[in-house]
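S.K.: Got a predicted structure plus its sequence, pasted below:
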Amino acid sequence: MDIGFSTTVEKNFDFDEIITRLKTVDGQKVEAGIFGSFAQDKAMWNEYGTSRGIPARPFLRNSQYEHEAEWSQQVGRDMVNVFRGSISGQSVGVKLGKKMADDIKSTIDSGNFASLALSTIRHKGSSRPLIDTGDMRGSITHKEH
């Protein structure tokens, strides 16, 4: 019994160029959150709660749990586009970071957190958790390394 197969390449690929493009993504790291400033301290107090009575309102962790599969799929699609040459390797991290930051803001906007104390509601005039002046939410950004 003879078994055989054949293949053909319909397009010439410049594999050196493809490898060079893919290497631009290698080692990239992306972070999203709040970096430095008093807003970062407030974010940590709210993310984990405090011994002074602030309950945990985990907007960062919830965002990750809710969206990590989506973020991974986006990177996969973007890597195919880097392979094809339709986007740059640098844009993969920029797009992912922006998406992560936007998703964190959306998690805050959803307001699905422990209710505020009545004294807090009276003080700030709103029952929306995690949004008072907006400086913490406005400090959410991303960075690529």
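M.R.: Everything's here; your move.

S.K.: quick one: contacts for residue 107?
M.R.: Neighbouring residues of residue 107 by Cβ atoms under 8 Å, 6 or more residues apart in numbering: 59, 62, 63, 66. Where C-beta positions appear, they are placed from N, C-alpha and C, glycine not excepted.

S.K.: Kindly apply the preceding question to residue 104 instead.
M.R.: Per Cβ under 8 Å, 6+ apart, neighbours of residue 104: 32, 33, 59, 60, 63, 140.

S.K.: run the last query once more with 6 Å
M.R.: By Cβ atoms under 6 Å, 6 or more residues apart in numbering, the residues touching residue 104 are 63, 140.

S.K.: tell me the secondary structure for it?
M.R.: Three-state assignment for residue 104 (DSSP: H, G, I helix; E, B strand; the rest coil): helix.

S.K.: hang on, the earlier thing: among the contacts of residue 107, name the buried ones.
M.R.: For those, a neighbour count by 16 or more other Cβ atoms under 10 Å gives the buried set as 59, 62, 63.

S.K.: Relative to residue 49, which of those is nearest.
M.R.: residue 59 (12.2 Å; Cβ to Cβ).

S.K.: Could you dump the buried ones among the contacts of residue 107 into JSON lines and include pLDDT?
M.R.: Below are the buried ones among the contacts of residue 107 laid out as JSON lines (pLDDT from 0 to 100):
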{"residue": "59", "pLDDT": "95"}
{"residue": "62", "pLDDT": "95"}
{"residue": "63", "pLDDT": "96"}
